[in-house]
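K.L.:
Give me a model of this one.
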Amino acid sequence: MPEYNIRLLWERGTEDFNYQTYNRKHTVFFYGGPKLEVNSSAHFIRNPQFHCPEELLTASLSSCFLLTFLSLCAQKGYIVDSYSDRATCTIDETKHTVSHIILCPVVSFKNESKPDQKEMDQLFEATHNLCFIANSLKSSITVKPKLVEEE
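P.N.:
Numbers count the residues shown, from 1 in each chain. Got it, this is the predicted structure:
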């Protein structure tokens, strides 16, 4: 069974440890990849130079969804020219949870290998069912795909 490991480092770096002023920046080290500077979300006290965990969760889902979709398309012989997504994560502060994530993928295929609408719907349903990150989240996930017609 594959495992994925990271190392996280946070240091106080200030004399005080006051809620309003303590350092929230921390570093995530990926084995075999670049490090990532992370901070708290805008709902707390945020440094906009760095990503927050909520953005990273949303990005992880969007990325996993993309990779799963591309894999399915390649297996079925569909040639994907481009894929973009604008994903949104909604926080329910009363429950302290990510309540909902919306993915809005826009996909362009090479003309002669384009699925019809029914096949697109099936591809996205299969993608949702096979995406490791989607299957790991208890948040509701909505996918609103759009097929771009080539000119």
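K.L.:
mind giving me the domain ranges of the protein?
P.N.:
Domain assignment for the chain by automatic domain parsing gives 1-51, 61-148.
K.L.:
Make a markdown table from those domains and add mean neighbour count and mean pLDDT to it.
P.N.:
The C-beta positions use only the backbone N, C-alpha and C, and glycine is treated the same way. Conversion of the domains of the chain to a markdown table gives the following (neighbours: other CB atoms under 10 Å; pLDDT from 0 to 100):
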| stretch | mean neighbour count | mean pLDDT |
| --- | --- | --- |
| domain 1-51 | 11 | 83 |
| domain 61-148 | 15 | 94 |
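K.L.:
For this structure, just list every one of the helices.
P.N.:
53-76, 117-130, 132-136 (DSSP state H).
K.L.:
just checking, what packs against the last one?
P.N.:
Under the contact definition 3 or more CB pairs under 8 Å, 6 or more residues apart in numbering; DSSP states H and E, helix 132-136 sits against helix 53-76.
K.L.:
Return the list of helices and strands in contact with the helix it packs on.
P.N.:
strand 36-38, strand 80-84, strand 88-92, strand 97-103, helix 117-130, helix 132-136.
K.L.:
Figure out which of these is closest to residue 109.
P.N.:
Closest to residue 109 of the helices and strands packed on helix 53-76 is strand 80-84 (CB to CB; 5.8 Å).
K.L.:
Now find how far off-centre the closest one is within its chain.
P.N.:
With CA atoms, centre = their mean, to the nearest Å as the basis, strand 80-84 stands 16 Å off its chain's centre.
K.L.:
Could you do stretch 137-145 as well?
P.N.:
So, by CA atoms, centre = their mean, the centroid of stretch 137-145 is 11 Å from its chain's centroid.
K.L.:
Between the two ends of it, how far is it?
P.N.:
One end of stretch 137-145 sits 20 Å from the other (CA to CA, to the nearest Å).
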